[in-house]
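Enquirer: Coordinates for the following, if possible.
(2 chains)
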2 protein chains.
Amino acid sequence: MSSGLDQIRDGGKRALAHALSRIEAEPDAARTIQLLDAAYAAARAHTVGLTGPPGVGKSTLTGALIDHWRTTGRTVGVIAVDPSSKLTGGALLGDRTRLRTDPADRGVFVRSMAARDRLGGLADLTISALVLMRAVFDLVLVETVGVGQSETDVTSAVDTVVLCIQPGAGDALQFMKAGIVEIPDIVAVTKTDLGATAARAQADLAAALDRREHAPGDWAVAALGVSSLKGEGVAALADLIDRHGAHLASMLAARRHGQAEQWLAQFVRERWGREGLKRAGALTLGAGESPFARLVALGLE
Amino acid sequence: MSSGLDQIRDGGKRALAHALSRIEAEPDAARTIQLLDAAYAAARAHTVGLTGPPGVGKSTLTGALIDHWRTTGRTVGVIAVDPSSKLTGGALLGDRTRLRTDPADRGVFVRSMAARDRLGGLADLTISALVLMRAVFDLVLVETVGVGQSETDVTSAVDTVVLCIQPGAGDALQFMKAGIVEIPDIVAVTKTDLGATAARAQADLAAALDRREHAPGDWAVAALGVSSLKGEGVAALADLIDRHGAHLASMLAARRHGQAEQWLAQFVRERWGREGLKRAGALTLGAGESPFARLVALGLE
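Expert: Predicted coordinates for the structure are as follows:
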């Protein structure tokens, strides 16, 4: 295949890393588009989003899921999305390298990507990486940090969304009240090794979820507890993820088609936005000069 | 003044609400730009961002701060930014109307705004509302929901950022570890009425903050506990906000100038992005059609 997809599949992690770097360096090059087109048509992975607040234990859970999936012979690609700070130009949430994987294992691949400069969704380079990795691995896991916007972002990119929450003073119910659990397909209460608090959080959440109405045949959002530390609940979570994938089956094509149309709109906005900045040149203001009048002066033509 | 700013100041809440609606309806109209230019030049408020995860008690704290400020004779404008759901097209976090204020009190005004379709910052309508309200009130408080992107967003818009966190199993230290507290100027540990947990959270955080290096003359991020329920700590928080404002004094003009240049760049991106979507027309994909090839076909010229 002239797209280069076969070479990437055959070339292992180094070839994939190289391809991803090339996509970042030349997002509009003909060979990039050719590769992404081929990858888009060759989607095979079940894609999973893992999201939740900082400190909830997402990286540890990702590691535990990877171990589980590798044990069962499935290959895994991971995209860790880092909400970059506009202040420092660097990572907001610090050390994203906590996730350690066996470098010799060709069946697992981890890539960190910045969420910076996204326009109402995951950055287009994240989408490109997802599409490429979707054609290479059995599972692709996208880990995003945050509470609020990031759930809706990841929802527009993956098949199954897992929200991680930690046990604590009424956290689970707070999330319910806040409407956050409208978004995920699965809620994982982490750190069940903390004991009674976690058990209560899970019970609260399960009870609240049970009260929600859903049409027959609709997926019922399930809450389950996991302890990455003790390895408890990880297999059950992986099983639930599989079951959601199976549930999607007939709807998957339509869901992905809808997502692709969202991506296209986002790509168009993003590229026009960048082009506008390029044409505007240096956007410095004089002392006291209003940005509003200046915007009018810039115009669109 | 022909800009209409004086009429808004004289016309009370109805006039302000009307002006904000007109800005939303006609963001590019000459009279909108004229009004915003006048408001930009007439900034008088100290602007404060209040952010933190859902359920932490931001709305309640906002209410308590409003009461405190009103008691001391200061006028307050509030912008509650709602992270809208792309799924429902509506509010993600549900009931934003929990904040009840006295309709007869002309010294306090609350506006809810959607964060939807923002491009790496607060939506431009939020910025416009902030600029207008900054010329009308003594204090403008911007309440954003979330953990992650929303801190950096609000930082690019206000003078003083307050991060609210709730006491819980190591939450405070998790935030420290996650680097989130690089962003705020003040950290408020809410719900100190919950007792020992909150006290420990505050002590942990204070200790962690004390260990951070900062140059002489730099603002030292302070943590304090508040109980909106009991009204404890609210006056201390208001005082700390004032002290941060005083600390900024000589730097305020430079900080706001930098923010205005960020806004301008964001406005340019946003408008070009919208224009691109308009020109592209319907962005529907055929079955199996790749969004990448389609994007190339659309071109930019």
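Enquirer: quick one: contacts for residue A:284?
Expert: residue B:261 (CB atoms under 8 Å, 6 or more residues apart in numbering or on different chains). Where C-beta positions appear, they are placed from N, C-alpha and C, glycine not excepted.
Enquirer: any idea how far it is from residue A:21?
Expert: Using CB to CB, to the nearest Å, residue A:284 is found at 33 Å from residue A:21.
Enquirer: Point out where the stretch 1-150 of chain A drops to low pLDDT.
Expert: A:1-2, A:83-98, A:115-121, A:146-150 (pLDDT under 70).
Enquirer: Repeat the analysis, applying 50 as the threshold.
Expert: Low-confidence segments of the stretch 1-150 of chain A (pLDDT under 50): A:1, A:85-97.
Enquirer: Which stretches in it count as strands?
Expert: Taking DSSP state E, counting those that start in this stretch as the test, the strands found in the stretch 1-150 of chain A are A:46-52, A:76-82, A:108-114, A:139-145.
Enquirer: Indicate whether the third one makes contact with chain B.
Expert: Going back to what we said before, that points to strand A:108-114. No: when contact is scored as CB under 8 Å from any CB of the partner chain, no part of strand A:108-114 falls within range of chain B; the minimum is 11.4 Å.
Enquirer: so that strand versus strand A:76-82, what angle?
Expert: Angle of strand A:108-114 versus strand A:76-82, following axes from the mean of the first three to the mean of the last three CA atoms, to 10 degrees, is 20 degrees.
Enquirer: Could you list every helix and strand that strand A:108-114 packs against?
Expert: Helices and strands touching strand A:108-114, by 3 or more CB pairs under 8 Å, 6 or more residues apart in numbering or on different chains; DSSP states H and E, are helix A:5-25, strand A:76-82, helix A:124-134.
Enquirer: Recalculate using a threshold of 10 Å.
Expert: Here strand A:108-114 touches helix A:5-25, helix A:58-71, strand A:76-82, helix A:124-134, strand A:139-145, going by 3 or more CB pairs under 10 Å, 6 or more residues apart in numbering or on different chains; DSSP states H and E.
Enquirer: nearest to chain B, of these?
Expert: strand A:139-145 (5.4 Å; CB to the nearest CB).
Enquirer: circling back to that earlier point, got a markdown table for the strands of the stretch 1-150 of chain A, with distance to residue A:243 and mean neighbour count too?
Expert: Formatted as a markdown table, the strands of the stretch 1-150 of chain A follow (distance: least, CB to CB, whole Å; neighbours: other CB atoms under 10 Å in any protein chain shown):
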| stretch | distance to residue A:243 | mean neighbour count |
| --- | --- | --- |
| strand A:46-52 | 11 | 27 |
| strand A:76-82 | 18 | 25 |
| strand A:108-114 | 23 | 19 |
| strand A:139-145 | 14 | 27 |
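Enquirer: Tell me which of those sits nearest to residue A:277.
Expert: Across the strands of the stretch 1-150 of chain A, residue A:277 has its closest neighbour in strand A:108-114 (17.4 Å, CB to CB).
Enquirer: Direction included, what does that closest one pair up with?
Expert: strand A:76-82 (parallel) (DSSP bridges).
Enquirer: What would the strand it pairs with look like as PDB? C-alpha coordinates only.
Expert: Provided in PDB are the C-alpha atoms of strand A:76-82 (Å, rounded to 0.1, in the frame of the first residue of the first chain):
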ATOM      1  CA  VAL A  76      -2.700  -1.100  22.900                       C
ATOM      2  CA  GLY A  77      -2.000   2.400  21.800                       C
ATOM      3  CA  VAL A  78      -2.200   5.200  24.400                       C
ATOM      4  CA  ILE A  79      -2.600   9.000  23.700                       C
ATOM      5  CA  ALA A  80      -2.100  11.000  26.900                       C
ATOM      6  CA  VAL A  81      -3.500  14.500  26.300                       C
ATOM      7  CA  ASP A  82      -1.800  17.200  28.300                       C
END
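Enquirer: residue contacts, the residue nearest to the spatial centre of chain A?
Expert: Centroid-nearest residue in chain A: residue A:142, 3.2 Å away (criterion: CA atoms, centre = their mean). Residues near residue A:142 by CB atoms under 10 Å, 6 or more residues apart in numbering or on different chains: A:47-51, A:77-81, A:113, A:122, A:126-127, A:129-130, A:133, A:153-154, A:157-158, A:161.
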